[in-house]
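Enquirer: Build me a structure from this.
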Amino acid sequence: MVYTDDKGVRHSIYLLQGTFHTASEHLQNKRWDELAKFEPYTNQGYTEDDFKAFRERHMIEGQEKQML
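Expert: The predicted structure is shown next:
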């Protein structure tokens, strides 16, 4: 995730599996101190397992919404 803080500094952070929602909430609520706790992104990359877990979670959420 890339964001610009309240001082105009651009940051790129590494989001471990399962942390996107939390980081997004911090960004939306301008909690710069919380976002600063994430590890900087330095081309760590993501594995196929990271994407698989994301797809599975969203598939389950989509199925739950269809049941409503």
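
Enquirer: Quick check: His26 touching Leu35?
Expert: Yes - with contact defined as CB atoms under 8 Å, His26 reaches Leu35; the gap is 4.9 Å. The C-beta positions use only the backbone N, C-alpha and C, and glycine is treated the same way.

Enquirer: And the two? Which one has more around it.
Expert: The neighbour count for His26 versus Leu35, taken as other CB atoms under 10 Å, is higher for His26 (21 against 17).

Enquirer: Need the mean per-residue confidence for the helix or strand that one falls within.
Expert: Secondary structure assigned from DSSP states H and E places His26 in helix 20-28. For helix 20-28, mean pLDDT rounds to 95.

Enquirer: Quick check: buried residues in stretch 16-35?
Expert: Buried residues in stretch 16-35, defined by neighbour count with 16 or more other CB atoms under 10 Å: 23, 26-27, 32, 35.

Enquirer: which one of those is nearest Tyr3?
Expert: The closest of the buried residues of stretch 16-35 to Tyr3 turns out to be Leu27 (CB to CB; 5.4 Å).

Enquirer: in this protein, which residue is closest to the centre?
Expert: Phe20 (2.0 Å; CA atoms, centre = their mean).

Enquirer: if we can go back for a sec, using JSON lines, lay out the buried residues of stretch 16-35 together with distance to Tyr41.
Expert: Formatted as JSON lines, the buried residues of stretch 16-35 follow (distance: CB to CB, whole Å):
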{"residue": "Ala23", "distance to Tyr41": "11"}
{"residue": "His26", "distance to Tyr41": "15"}
{"residue": "Leu27", "distance to Tyr41": "14"}
{"residue": "Trp32", "distance to Tyr41": "16"}
{"residue": "Leu35", "distance to Tyr41": "12"}
